[in-house]
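Asks: The amino acid sequence is not available; the structure is as follows:
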């Protein structure tokens, strides 16, 4: 079993830089907001990128890459179509479920993710958020929807966020796919409104801290790989 013992834990540290305006929001405004589509904010009022959003984007890109390379990949996120509901054991899970975890129906296999994405918090200060106005179109008619004017909040280009990914017991194959997925997110987008030019980012991993069980019981030091490639 992959979680019965800790072979190696990788703590990847770096930054996410917004190369264009970035919108990561909840999809609707709270009652106190004066903008229709606000960005998510922490208790201090600073924008941040939830770890769940990061993990979802990286998983999505990993799925696309894996299929292109000939891997058999299940259909997330519907539980019935994920291999956790179909697999007879962990050895038959697809590479995506082995890395990012899977849920299974009764009698299936449920397994936690090997990777954890911490919330990415703002690095340095931020003077102002951007506000943009958009118009929603009816996809069937190609015309403007009635009452379709909306306001959008975004983080300006140049903003930087902390990045921390914790990975446990990844095989070389799985780590290679994780690295490739991070690069692919850079060339696609993070957050919403990407069709309007938002969400281009640079993801930089500066260092990797390698820790084993011996480190935690005080019998060994961590290995710091810097720069990490």
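Replies: Right, received. Where do you want to start? If you're wondering where the values come from, they're calculated on a predicted model, not measured in any experiment.
Asks: Give me the below-cutoff pLDDT ranges for the chain.
Replies: 1-3, 26-34, 84, 87-89, 105, 107, 134-148 (pLDDT under 70).
Asks: What residues sit buried inside stretch 206-222?
Replies: 208-209, 211-212, 215 (16 or more other Cβ atoms under 10 Å). Where you see a C-beta, it was placed from the backbone N, CA and C, and this is true even at glycine.
Asks: for stretch 70-85, that is, sorry about that
Replies: For stretch 70-85, burial by neighbour count (16+ other Cβ under 10 Å) applies to 73-74, 76, 82-85.
Asks: and it, how far apart are its ends?
Replies: End-to-end span of stretch 70-85 (Cα to Cα, to the nearest Å): 22 Å.
Asks: And the helices in this protein?
Replies: 51-68, 83-86, 95-100, 172-187, 213-216 (DSSP state H).
Asks: Run through the residues that contact the residue most central in space within the chain.
Replies: Central residue of the chain (Cα atoms, centre = their mean): residue 54, 1.6 Å from the mean position. Contact criterion Cβ atoms under 8 Å, 6 or more residues apart in numbering gives 117, 120, 190 as the residues in contact with residue 54.
Asks: Of the residues you listed, which belong to strands?
Replies: 117, 120 (DSSP state E).
Asks: Confirm for me that residue 81 is in contact with residue 75.
Replies: Yes. Counting by Cβ atoms under 8 Å, residue 75 is a contact partner of residue 81 at 3.9 Å.
Asks: For residue 96, give me its contacts.
Replies: For residue 96, the contacting residues are 59, 62-63, 66, 71, 73-74, 76, by Cβ under 8 Å, 6+ apart.
Asks: Using CSV, lay out the residues you listed together with distance to residue 170.
Replies: Output for the contacts of residue 96, formatted as CSV (distance: Cβ to Cβ, whole Å):
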residue, distance to residue 170
59, 14
62, 12
63, 17
66, 14
71, 16
73, 17
74, 19
76, 19
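Asks: Looking at these, which is nearest residue 124?
Replies: residue 59 (28.7 Å; Cβ to Cβ).
Asks: Next, the contact list for the closest one, please.
Replies: Neighbours of residue 59 in contact, by Cβ under 8 Å, 6+ apart: 76, 96, 99-100, 181.
Asks: In space, what's closest to residue 215 - neighbours in sequence excluded?
Replies: Ranked by Cβ to Cβ, 6 or more residues apart in numbering and with sequence neighbours excluded, the top spatial neighbour of residue 215 is residue 222, at 5.2 Å.
Asks: Can you report phi and psi for the one you found?
Replies: Residue 222 has phi and psi values of phi -70, psi 160 when expressed as degrees, to the nearest 10.
Asks: ok, now how distant is it from residue 208?
Replies: 10 Å (Cβ to Cβ, to the nearest Å).
Asks: do residue 8 as well
Replies: Per Cβ to Cβ, residue 8 is found 11 Å from residue 208.
Asks: all strands of this structure, in order?
Replies: For the chain, applying DSSP E gives strands covering 9-18, 48-49, 115-117, 120-123, 130-137, 144-154, 160-168, 201-211, 223-225.
Asks: Serialize those strands to CSV and add fields for distance to residue 90.
Replies: Shown next, in CSV, are the strands of the chain (distance: least, Cβ to Cβ, whole Å):
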stretch, distance to residue 90
strand 9-18, 19
strand 48-49, 31
strand 115-117, 16
strand 120-123, 30
strand 130-137, 45
strand 144-154, 41
strand 160-168, 15
strand 201-211, 24
strand 223-225, 28
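Asks: That'll do, ta.
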